[in-house]
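Asks: Just to be clear, the model below is a prediction. Sequence and coordinates:
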Amino acid sequence: MTDRVIFVCTLILAGAYFYATEQLPSLEIGDPLGPKAFPRLLGVGLVITAVVLLFEMLRARRQAPAAPAEPKDPLDRGAQLVVTAAAVWTFLYFLVFEPLGYVLSTTIYLFVLMAYFNRGKWTANVLTAVLFSAGSYLMFTKLLGVNLAPGILPF
């Protein structure tokens, strides 16, 4: 049931996002893509995510387990602790973003999360955190012309 609610909410969010994007004014001068290009891309990403979730729901329905699983406690203390820790860690990431800069703060943020959720795979975690941070920094600064916080690194 939860998957269906998330699916419907994602479609509603995508529809509202597309509607809000179309309310942006179009400019006749400047960038030919205009201010609507990136929001449209995000809206398409939301729709693709909803479709992937729909396929997963349909696949899970076909592979339904024979024995019903025990219902999980919605107040599971371990899950609440993980969510709270992730929220606090994200807040700390926002606090150090400007002083440390995008690349360094994002690398540390991702590495710690991946070290917890992907335990024991240190090489993959380090490479993913560093390559994602550096790659996204280059994409935003060089390709898209977005200024990101340089921080303490010399670039």
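Replies: Great, that's in hand.

Asks: How far off centre is stretch 86-96?
Replies: Distance, stretch centre to chain centre, for stretch 86-96: 15 Å (CA atoms, centre = their mean, to the nearest Å).

Asks: Oops, could you answer that again for stretch 107-115 instead?
Replies: Here the centre of stretch 107-115 is set off from its chain's centre by 14 Å, with CA atoms, centre = their mean.

Asks: ok, now stretch 7-15?
Replies: Using CA atoms, centre = their mean, the offset of stretch 7-15 from its chain centre is 16 Å.

Asks: C-alpha coordinates for that stretch, PDB please?
Replies: Below are the C-alpha coordinates for stretch 7-15, written out as PDB (Å, rounded to 0.1, in the frame of the first residue of the first chain):
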ATOM      1  CA  PHE A   7       3.600   6.400  -6.700                       C
ATOM      2  CA  VAL A   8       0.500   8.700  -6.600                       C
ATOM      3  CA  CYS A   9       2.300  11.400  -4.600                       C
ATOM      4  CA  THR A  10       5.200  11.400  -7.000                       C
ATOM      5  CA  LEU A  11       2.900  11.800 -10.000                       C
ATOM      6  CA  ILE A  12       1.000  14.600  -8.300                       C
ATOM      7  CA  LEU A  13       4.300  16.300  -7.400                       C
ATOM      8  CA  ALA A  14       5.500  15.900 -11.000                       C
ATOM      9  CA  GLY A  15       2.300  17.400 -12.300                       C
END
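
Asks: Buried residues in it, which are they?
Replies: Phe7, Thr10, Leu11, Ala14 (16 or more other CB atoms under 10 Å). All C-beta spots, glycine's among them, are computed from the backbone N, C-alpha and C.

Asks: Which element, helix or strand, includes the second one?
Replies: Meaning Thr10. helix 2-22 (DSSP states H and E).

Asks: could you point out which element follows that helix?
Replies: Sequence-wise, the next helix or strand downstream of helix 2-22 (DSSP H and E) is helix 37-62.

Asks: What is the distance between that next one and the centre of its chain?
Replies: Centroid displacement of helix 37-62 relative to its chain, using CA atoms, centre = their mean, is 14 Å.

Asks: same deal with stretch 130-148?
Replies: Centre-to-centre, stretch 130-148 and its host chain are 16 Å apart (CA atoms, centre = their mean).

Asks: before we move on, what about stretch 4-24?
Replies: Computed by CA atoms, centre = their mean, the chain-centroid distance of stretch 4-24 equals 16 Å.

Asks: Lovely, talk soon.
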